[in-house]
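[1] Predicted structure and sequence below. I'll ask about it afterward.
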Amino acid sequence: MTYIRFLYSITFLIALCTPLSVSAQQMIGSIQVVDDALNELIDPESQLEILADGFIWTEGPVWIEDEGYLLFSDVYSNQIFQWQPDSSAKVFLEPSGYTGTEERGGGLGSNGLTLDSDGHLLIAQHGDRRIAQFIGDMMNPQPEFLPIAQTYQGAKLNSPNDLVFHSNGTLYFTDPAYGLIQGLSDPSKELDYQGVFSVTPNGTISLLDSVLSHPNGIAFSPDEKTLYVSNSNAEEAIWMAYDVLPDGKVDNRRVFFDATPMVGGESSGIPDGLKVDVNGNIFATGPGGILVFHPDGTHLGTINTTRPTANCAFGDDGRMLYVTAEMYLLRVPLLTQGAIP
């Protein structure tokens, strides 16, 4: 999560930003084609539809296929929202990421969301500094959670950010310091690095990498042989790729794409969340909106959202891309198809 919202007064925004539904279709953005191969993935004349706005910093969208709706986080309001067609966005769960009783600032809410193979909702909880499974009733949600990962070798995690399941049931997640009130310098920080971790179904937590300054978005290639991780750092705005070994560890760390020269100017945003379609094309939020990459690292083009963009998720039949961008929830139709958790 980039947290560019710190440029503004959080207090002012909380007072003014009451989530709103959008009654009439409103479109923003554009498709910027760099390579003609992009035209096979998305109509170059497409724009993004505004589904809802008035949030503070939207994140972590996940499509709930069985019920036909989308869940997404509003990090600073400590809420998960639900959006479904022909309806407005409404609060699904509160609190979502911080369940403590002491008032605190910072990015205290939930961030990344995903589903396990049984349809359980997994939440990256910034304020509680853990990955947790929602164990309440999805039809009448109450804040009931089962911790899945909260410490490593006796030390508290920083603030888990994004997460993805391997088909064998192992959960992979990133752990930057965005959810700590003072970030990297927060006195409550117990790890001296920001890690990429895995946790097996039996609860074994492993540190996979600790070299990235701000590990953030995380996703697998369709064959699960490659793990992608974004680094949300304007001075090192990169996506990393790793080979996934048979034992679940990773090797052959390498830069997949370096967007550092693209940061700044009219291209707001830095690497954040990402998703991969069925053919291995990567849809990665970053400078300018959502950068689309061929599996070989070629930048095919950018879905210009006009706003700093946090994350995205495939929904409907996998041919709709839902996007969380600053105050907005957006969507854009695709010609390609993505997998739904």
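    Sure, I can see it.
[2] just the helices in the stretch 1-150 of the chain please.
    10-16 (DSSP state H, counting those that start in this stretch).
[3] Low-confidence ranges, it, go.
    For the stretch 1-150 of the chain, the stretches with pLDDT under 70 are 1-23.
[4] which stretches of it form strands?
    In the stretch 1-150 of the chain, the strands defined using DSSP state E, counting those that start in this stretch lie at 20-28, 30-33, 48-53, 58-64, 69-74, 79-83, 90-93, 110-115, 121-125, 130-134, 145-149.
[5] Could you check how many residues crowd around Asp43?
    By other Cβ atoms under 10 Å, 13 other residues sit near Asp43. For every residue, glycine as well, the C-beta is placed using N, CA and C.
[6] what's the closest non-adjacent residue to it?
    Nearest residue to Asp43, sequence neighbours excluded (Cβ to Cβ, 6 or more residues apart in numbering): Leu335, at 6.4 Å.
[7] Average pLDDT for stretch 155-168, rounded please.
    Averaged over stretch 155-168, pLDDT sits at 98.
[8] hmm, back to that, who are the neighbours in contact with the residue nearest to Asp43?
    Glu40, Leu41, Ile42, Asp43, Arg319 (Cβ atoms under 8 Å, 6 or more residues apart in numbering).
[9] before we move on, what SS does it have?
    Following DSSP: H, G, I helix; E, B strand; the rest coil, the label given to Leu335 is coil.
[10] Tell me if Leu321 really is in a strand.
    Yes: counting by three-state DSSP, one finds Leu321 located in a strand.
[11] Need the per-residue pLDDT for it.
    98.
[12] That one contacts Thr336, doesn't it?
    No: using Cβ atoms under 8 Å, Leu321 makes no contact with Thr336, being 9.3 Å away.
[13] More neighbours: which of those two?
    More neighbours surround Leu321 than the other of Leu321 and Thr336, with 28 against 17 (other Cβ under 10 Å).
[14] ok, the more buried one - contacts?
    Residues near Leu321 by Cβ under 8 Å, 6+ apart: 275, 283, 290, 303, 312-315, 331-334, 338.
[15] Can you select the buried ones among these for me in ChimeraX?
    Of those, the buried ones can be selected in ChimeraX as follows, counting by 16 or more other Cβ atoms under 10 Å:
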select :275,283,290,303,312,313,314,315,331,332,334,338
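[16] Name the nearest of the contacts of Leu321 relative to Ile31.
    Set against Ile31, the nearest of the contacts of Leu321 by Cβ to Cβ is Ile303 (6.0 Å).
[17] Check the secondary structure at that closest one for me.
    Classification of Ile303 using three-state DSSP returns strand.
[18] circling back: kindly reformat the strands of the stretch 1-150 of the chain as JSON lines containing mean neighbour count and distance to Glu235.
    Listed next are the strands of the stretch 1-150 of the chain as JSON lines, based on neighbours: other Cβ atoms under 10 Å; distance: least, Cβ to Cβ, whole Å:
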{"stretch": "strand 20-28", "mean neighbour count": "12", "distance to Glu235": "29"}
{"stretch": "strand 30-33", "mean neighbour count": "18", "distance to Glu235": "24"}
{"stretch": "strand 48-53", "mean neighbour count": "21", "distance to Glu235": "28"}
{"stretch": "strand 58-64", "mean neighbour count": "26", "distance to Glu235": "22"}
{"stretch": "strand 69-74", "mean neighbour count": "27", "distance to Glu235": "26"}
{"stretch": "strand 79-83", "mean neighbour count": "23", "distance to Glu235": "32"}
{"stretch": "strand 90-93", "mean neighbour count": "18", "distance to Glu235": "35"}
{"stretch": "strand 110-115", "mean neighbour count": "26", "distance to Glu235": "22"}
{"stretch": "strand 121-125", "mean neighbour count": "28", "distance to Glu235": "24"}
{"stretch": "strand 130-134", "mean neighbour count": "22", "distance to Glu235": "28"}
{"stretch": "strand 145-149", "mean neighbour count": "17", "distance to Glu235": "29"}
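[19] These: which one's closest to Phe257?
    strand 30-33 (15.8 Å).
[20] Direction included, what does the closest one pair up with?
    Paired with strand 30-33 in the same sheet, following DSSP bridges, are strand 299-304 (antiparallel).
[21] What is the distance between the strand it pairs with and the centre of its chain?
    What separates the centre of strand 299-304 from the centre of its chain is 18 Å, taken as Cα atoms, centre = their mean, to the nearest Å.
[22] and the end-to-end length of stretch 230-248?
    19 Å (Cα to Cα, to the nearest Å).
[23] List the buried residues of it.
    For stretch 230-248, a neighbour-count test (16+ other Cβ under 10 Å) marks 230-234, 236-242, 244 as buried.
[24] helix/strand/coil for Cys173?
    To be clear, residue 173 is Phe; Cys isn't right here. Classified using three-state DSSP, Phe173 is strand.
[25] I meant Ser230, not that one.
    strand.
[26] pretty sure it is touching Val255, no?
    No: using Cβ under 8 Å as the test, Ser230 is too far from Val255 to be in contact (11.3 Å).
[27] anything in contact with each of those two?
    Any residue near both Ser230 and Val255 by Cβ under 8 Å, 6+ apart counts here, and that gives Ile238, Trp239, Met240.
[28] Between its first and last residues, how far does stretch 42-52 reach?
    22 Å.
[29] hmm, back to that, distance to Thr298 added to the strands of the stretch 1-150 of the chain, as JSON lines?
    Converted to JSON lines, the strands of the stretch 1-150 of the chain look like this (distance: least, Cβ to Cβ, whole Å):
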{"stretch": "strand 20-28", "distance to Thr298": "26"}
{"stretch": "strand 30-33", "distance to Thr298": "13"}
{"stretch": "strand 48-53", "distance to Thr298": "23"}
{"stretch": "strand 58-64", "distance to Thr298": "26"}
{"stretch": "strand 69-74", "distance to Thr298": "30"}
{"stretch": "strand 79-83", "distance to Thr298": "33"}
{"stretch": "strand 90-93", "distance to Thr298": "38"}
{"stretch": "strand 110-115", "distance to Thr298": "27"}
{"stretch": "strand 121-125", "distance to Thr298": "30"}
{"stretch": "strand 130-134", "distance to Thr298": "33"}
{"stretch": "strand 145-149", "distance to Thr298": "35"}
